[in-house]
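Visitor: Dropping the sequence and predicted coords here.
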Amino acid sequence: MILKAEKIADLLSNPDEQDPFVITPQPDLKTVRESGSASIDLRLGTWFTLLRHSRTEALQLGKPPSTETYYTPFGRDYVLHPGYFVLAITLEWVRFPKDLAGYVIGRSSWGRCGLIIATATGVHPGFTGCLTLELTNVGRVPIKIKPGMTICQVFLHKVETSTAATDVTSFAARRKPWIGKIELDDVAKRLSSTT
């Protein structure tokens with residue numbers, strides 16, 4: 001079941017003391033209630049991470065890529081050129097309880113301008129941290145984005161059981177975008193060794 005804005009506002013205004021849903025800084029709950037939507041908007045943070053093109057011949061399994069991280073202060077623009085990909089972070093720090101999950105999508109007004117907001121959209125129960133956004137400009141002109149502007153929306157849904165484990169992946173509890181590394185799982189390793 002996807003939660004409507006009124007229910008989201010209720011969760012934020014009357015948090016469960018044992019396992020609360022938290023967004024910091026908290027959005028204006030009156031505006032959330034009046035939106036009538038089934039999602040909540042989040043804002044663009046100030047950190048951006050991109051691959052170093054000159055030092056990365058190709059991404060390789062098991063090796064973290066060479067990256068550059070930039071801070072863009074409030075009031076300044078970050079320019080995303082056509083064909084470029086950058087990791088960004090939400091301004092808000094979120095904490096999901098064990099019985100709530102979500103998925104992040106871009107706002108359609110940005111999508112119509114060629115800005116794709118997120119390609120890995122799931123937020124697991126128990127996640128805590130700033131959400132990493134994967135931004136790509138698929139249009140033909142550069143796009144100026146500003147830290148603090150509304151960039152994405154999160155749809156929330158209840159999880160059938162409240163006994164789910166807390167999300168302890170390497171992506172949790174981060175304040176800056178992080179790429180991580182890609183590794184073969186045991187099945188893929190066995191398949192690779194049979195050739």
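Guide: Arrived safely. Numbers count the residues shown, from 1 in each chain.

Visitor: so which helix or strand takes in Glu92?
Guide: strand 85-95 (DSSP states H and E).

Visitor: who does the helix or strand following that strand touch, helix- and strand-wise?
Guide: Following strand 85-95 in sequence order, the next helix or strand is strand 100-106 (DSSP H and E). Counting by 3 or more C-beta pairs under 8 Å, 6 or more residues apart in numbering; DSSP states H and E, the packing neighbours recorded for strand 100-106 are strand 122-123, strand 150-158. Any C-beta I mention is one placed from the backbone N, CA and C, and that applies to glycine too.

Visitor: Neighbouring strands of the first one in the sheet, and parallel or not?
Guide: Neighbouring strands of strand 122-123 in its sheet, by DSSP bridges, are strand 100-106 (antiparallel).

Visitor: Pull out the buried residues from the partner strand.
Guide: Residues of strand 100-106 classed as buried by neighbour count (16 or more other C-beta atoms under 10 Å): Leu100, Ala101, Gly102, Tyr103, Val104, Gly106.

Visitor: Widest-spaced pair of those?
Guide: Within the buried residues of strand 100-106, Leu100 and Gly106 form the most distant pair, 21.2 Å apart (C-beta to C-beta).

Visitor: quick one, which of the helices and strands packed on strand 100-106 is nearest to Met1?
Guide: strand 150-158 (5.3 Å).

Visitor: What's the mean pLDDT across the closest one?
Guide: Average pLDDT, strand 150-158: 94.
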